[in-house]
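Peer 1: Build me a model:
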Amino acid sequence: MGQPDVAKKQKQTSAISSMVGGILFTFFIALLGFLLAKIPGFSMVGQLACAILIAIAFRQIFGYPEIIRSGIVFSSKKLLRVAIIFYGLKLDIAIVLQDGLGLLIRDTGVIIFAILATVWLAKRLKANPTISLLLGVGTGVCGAAAIAAVAPIIKSKDEDTAISVGIIALVGTIFAIGYTLLRPILPLSDIEYGTWAGISLHEIAQVVLAAAAGGEDALAIGLLAKLGRVFLLIPLCFIFMFWVKKRTAEDQASAKVEFPWFLLGFIVMSILGSYVLGDSIPFSENARDIVTNATTWILTAAMVGLGLNVSLGDVRQKALKPLIAMVSVSVVLSVITIFII
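Peer 2: Presented below is the predicted three-dimensional model:
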């Protein structure tokens, strides 16, 4: 074997090591986030936000681990799309269409208000437009998952996506805790309280946390309302595709917009989970839970990859005003939705 062949083989081995090492590293940080989330106090924040915080802290203290860059990029790009595809199993289209049409109308209003109000206020504050838009999407639809789905379509930078996910997870958790504290003093029935939580809170996990304080009926209706917002993520992504394509054409730049194939995977998994798995194909609740847990881990590892790209100096400059806009809109949304439940 000649020297060129040896060098080529060594280069391939190094590339594989970088890829595998980077992927394993993101899952290791995800594990640390999982363990941190088990500690009282941090349990309210959740695995995803804890992992992102650890990744950001690592970047500030030790710098970006360049030697395993390819694996980290793979996690933040490819694994992110895989997680979104399997996230579709959480959406039961049949239930939404059968029992949630009334909620779906209100969910549509919530999404439109959250996005437009956040973007409008962000413009007034001269805030970072990309982060503000992502926060508006996360507030209106389903938190980190919605941000992760829309980010590639609008060509968001990894850093902006990670900042947005971290903010939505932390602020949403604070709101969920606030809902549970307000529950005893609000003049709402269990069903009304659950509906309120489902149509106004950011993440599915946060809806579960808040709605559970109202009992089983509140939790059931809260999840139904939330699933309606997840369902609307599909048409919203196509709307953003059309918007991005039109905007790039008007800027006389390349009008080519990469089609989000992972979104088709999301739709397919939603259809399978709603109409096929468990009916035509045996698929137990235990198996569904395994897939859901695996999806959470994959999404967490992907977010770690994004978090490693965050510079706190940039966060201070870019995130404060979008945070103010997002919190302000979330407060207004919580108040308004009480009157439409």
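
Peer 1: The residue nearest the centre of the chain: what's its closest spatial neighbour, skipping adjacent residues?
Peer 2: In the chain, the residue lying closest to the centroid (Cα atoms, centre = their mean) is Ala144, at 1.5 Å. In this structure, Ala144 finds its nearest non-sequential neighbour in Val165, 4.6 Å apart by Cβ to Cβ, 6 or more residues apart in numbering. C-beta coordinates here come from the backbone N, C-alpha and C atoms, glycine included.

Peer 1: thinking that neighbour is in contact with Leu48, fair?
Peer 2: Yes - in this structure, Val165 is within contact of Leu48 by Cβ atoms under 8 Å, at 7.4 Å.

Peer 1: Find residues that contact each of those two.
Peer 2: Counting by Cβ atoms under 8 Å, 6 or more residues apart in numbering, the residues touching both Val165 and Leu48 are 144, 303.

Peer 1: what about the longest helix in the protein?
Peer 2: helix 3-36 (DSSP state H).

Peer 1: could you give me the average pLDDT of that helix?
Peer 2: For helix 3-36, the mean pLDDT works out to 85.

Peer 1: and the nearest residue to Ile23 once chain neighbours are set aside, how many neighbours?
Peer 2: Counting by Cβ to Cβ, 6+ apart, Ile23 lies nearest to Gly71, which is 4.4 Å off, once chain neighbours are set aside. By other Cβ atoms under 10 Å, 24 other residues sit near Gly71.

Peer 1: which residues does Gly71 contact?
Peer 2: Counted by Cβ under 8 Å, 6+ apart, Gly71 has contacts 18-26.

Peer 1: filter these to the buried ones?
Peer 2: Buried by 16 or more other Cβ atoms under 10 Å: 18-19, 21-23, 25-26, out of those.

Peer 1: ok, back up a step: centre of the chain to the longest helix of the chain, how far?
Peer 2: A distance of 26 Å separates the centroid of the chain from that of helix 3-36, by Cα atoms, centre = their mean, to the nearest Å.

Peer 1: Check stretch 293-309 too.
Peer 2: With Cα atoms, centre = their mean, you get 10 Å for stretch 293-309.

Peer 1: Please apply the same query to stretch 220-231.
Peer 2: Its chain's C-alpha centre lies 15 Å from the corresponding centre of stretch 220-231 when counted by Cα atoms, centre = their mean.

Peer 1: cool, and stretch 186-203?
Peer 2: Stretch 186-203 sits 21 Å away from the centroid of its parent chain (Cα atoms, centre = their mean).

Peer 1: which stretch of helix or strand covers Val119?
Peer 2: helix 101-125 (DSSP states H and E).

Peer 1: Could you list the residues in contact with that helix?
Peer 2: 96, 128-129, 132-133, 135-137, 139-141, 195, 198-200, 224-225, 228-229, 231-232, 236, 321-322, 324-326, 328-330, 332-333, 336-337, 340-341.

Peer 1: Report the buried residues of it.
Peer 2: For helix 101-125, a neighbour-count test (16+ other Cβ under 10 Å) marks 103-104, 106-108, 110-111, 113-115, 117-119, 121-122 as buried.

Peer 1: got it, and stretch 42-56?
Peer 2: So, applying 16+ other Cβ under 10 Å, buried residues of stretch 42-56: 42, 45-56.
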